[in-house]
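In: sequence below, structure please.
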Amino acid sequence: MLKWKIQSLVMAAGIGALLTVAPAKAEDASATAAYKDIQATLGSVPDMFRTLPDVAVAGAWAEIKGVQLNPKTALDGKTKELMSLAVAAQIPCQYCIYFHTQAAKLNGATDEEIKEAVAMAAIVRHWSTMLNGSQIDLATFKQQADEVFAAVKAKSQ
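Out: Next comes the predicted model:
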């Protein structure tokens with residue numbers, strides 16, 4: 001019983017110490033460094049980054065820079081932006097639609113490719129609605145899809 005009380009007191013003291021520790025200033029430094037890098041990379045710091053708490057800025061920027069702006073990923077910039085536009089159209093997010101349309105064009109997307117990306121988003125949404133609303137059996141759907149893929153593959157050989 002005494003051992004349990006001592007452990008409880010030690011644990012309570014440890015938790016209390018954690019709660020009284022002042023927030024580290026590393027987050028502020030990370031935000032400052034991230035803002036400097038955003039400025040250097042984009043030419044300005046858009047307000048969207050300032051909507052984040054300082055502790056989240058560096059991580060959010062690292063995610064964007066590491067995937068969206070990274071030319072060494074599996075997908076090229078145009079593909080990433082067309083995908084982003086398709087998702088933005090489905091959310092829907094007027095900010096994202098504007099941004100990713102312009103970014104797709106900057107990455108070489110044509111007006112026809114932009115229209116097609118949005119049309120594909122609409123087709124996927126349509127069939128998702130039909131399949132989910134009709135409660136199509138997933139296992140049967142997968143089996144039928146695999147049969148279609150096998151037939152198409154056989155024809156192409």
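
In: from now on I want contacts and neighbour counts done on CA atoms only, so please keep to that.
Out: Noted.

In: so which residues of the protein form strands?
Out: Counting by DSSP state E, no segments of the chain form strands.

In: residues in contact with the longest helix anywhere in it?
Out: When the chain is parsed with DSSP state H, its longest helix is helix 111-133. With Cα atoms under 8 Å, 6 or more residues apart in numbering as the test, helix 111-133 has contacts from Leu82, Met83, Leu85, Ala86, Val87, Ala89, Gln90, Thr101, Ala104, Lys105.

In: pipe the residues you listed into TSV and attach neighbour count, distance to Ser44 and pLDDT per row.
Out: TSV is the format used below for the contacts of helix 111-133 (neighbours: other Cα atoms under 10 Å; distance: Cα to Cα, whole Å; pLDDT from 0 to 100):
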residue	neighbour count	distance to Ser44	pLDDT
Leu82	24	24	98
Met83	19	25	98
Leu85	28	23	98
Ala86	26	26	98
Val87	19	26	98
Ala89	20	26	97
Gln90	15	29	96
Thr101	21	20	98
Ala104	23	20	98
Lys105	16	20	98
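
In: just the ones of these in helices?
Out: Reading helices off the contacts of helix 111-133 with DSSP H, I get Leu82, Met83, Leu85, Ala86, Val87, Ala89, Gln90, Thr101, Ala104, Lys105.
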